[in-house]
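Enquirer: whatever this is, show me its structure:
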Amino acid sequence: MQKWEKKAIVIGAIVLLVIIIVYTSYTYYAYHQLEIHDVKINKLSDLSLEGFTLDGELRLYNPTFVRVFIGDIEYDILVNNNKIGGGFIDGEKLYGRQTEVFEFRNELMWHPSLDYLKRILSEKRTHFSIRGNVHITKFGINMYIPFEDSLDLEQYIPEMILGRGTGNVLATEAGKVMKAWE
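Expert: The predicted structure follows:
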């Protein structure tokens, strides 16, 4: 092998190594630049004493030029910081300079006791929230991007109790609590 051939191989290997290091570094940087633009609870429906259906979405933005891979998105659904449900959303590729919307829908079976309903109605504020993490695992990167959204369930509780439950003891008791609350 000639001297210039050895130099060409060494230079080629160094250039390849630099390209790999630059790409890996920029990819690592890209993962740390991901932004959660919005977490929304879009709708609560099918409200009853048996539970409700929750629809929501998470908007994730990649401000870099490199596509990134989202492993999964896990979340918990809480009422007054008590977990009542949760779920996972499968991840996918998120291309550079794009926003991806990840939608979720949960049918939650929530059977609050009469005492619990009285307590949350008397507090005049029922904090409902969704909390979770976007999980990223790639090239040895293992990171989580947390998110949270919340709303006050106060406007929905009368519908949950009275909407389908009129005529039963629970609805009557809840009606008394609500009347005293006003």
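
Enquirer: ok, which stretches of the protein are helices?
Expert: 3-33, 114-122, 157-162, 169-181 (DSSP state H).

Enquirer: run the chain-centre distance for the longest one.
Expert: This points to helix 3-33. Counting by Cα atoms, centre = their mean, to the nearest Å, helix 3-33 is centred 36 Å from the centre of its parent chain.

Enquirer: what pLDDT is listed against F102?
Expert: Predicted confidence (pLDDT) at F102: the value is 94.

Enquirer: among the helices of the chain, which gets the worst mean confidence?
Expert: helix 169-181 (a mean of 45).

Enquirer: is the nearest residue to S150 once chain neighbours are set aside bridged to anything, and to what?
Expert: Nearest-residue entry for S150: S129, 3.7 Å, with adjacent residues in sequence omitted and distances by Cβ to Cβ, 6 or more residues apart in numbering. The way it works is simple: take the backbone N, C-alpha and C, and place the C-beta from them, glycine included. S129 has these beta-bridge partners by DSSP bridges: L78, S150.

Enquirer: tell me the pLDDT at S129?
Expert: 88.

Enquirer: ok, it touching Y75?
Expert: No. Judged on Cβ atoms under 8 Å, S129 makes no contact with Y75 at a distance of 10.0 Å.

Enquirer: out of those two, which sits in the busier spot?
Expert: Y75 (25 against 17; other Cβ atoms under 10 Å).

Enquirer: which residues sit in contact with that one?
Expert: 86-89, 104, 130-133, 147 (Cβ atoms under 8 Å, 6 or more residues apart in numbering).
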